[in-house]
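# okay, structure incoming, though there's no sequence with it:
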């Protein structure tokens, strides 16, 4: 019996899309406020390397840090999860 190629359900989003969206949001928020990559980690008490990885969509920030960033930037946390909207 042959399997139908369309029988598999595919998720609407994958982790790569989520990482890319969150990274784009972080970068847009930072640039909109005229901040550098060096300033954000200092304010949030994280490493520059970690923040850079988040903006480049290499890694995802932990939820507690994403909440800190949302508060810092003054955007609702849900903005980081609304795929398709690249600007806060």
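On my side now, so go ahead. Not measured: the values here are computed from a predicted model.

# shaky segments in this structure?
Confidence mapping of the chain against pLDDT under 70 gives the ranges 1-13, 84-88.

# 80 instead?
For the chain, the stretches with pLDDT under 80 are 1-13, 83-88.

# the most centrally placed residue in it sits in which helix or strand?
The centre of the chain sits closest to residue 22, judged by Cα atoms, centre = their mean, with a distance of 1.5 Å. Residue 22 is part of helix 15-32 when elements are defined by DSSP states H and E.

# and that helix, how far out from the chain middle?
Averaging C-alpha coordinates over helix 15-32 and over its chain gives two centres that are 4 Å apart (Cα atoms, centre = their mean, to the nearest Å).

# residues in contact with the helix or strand just after it?
Under the assignment DSSP H and E, the closest C-terminal helix or strand after helix 15-32 is helix 39-44. Applying Cβ atoms under 8 Å, 6 or more residues apart in numbering, the contact partners of helix 39-44 are 30, 47, 48, 50, 51, 65, 68, 69, 72. Heads up, the C-betas are built off the backbone N, CA and C, glycines and all.

# buried residues in helix 39-44, which are they?
Judged by neighbour count (16 or more other Cβ atoms under 10 Å), helix 39-44 contains these buried residues: 40, 41, 44.
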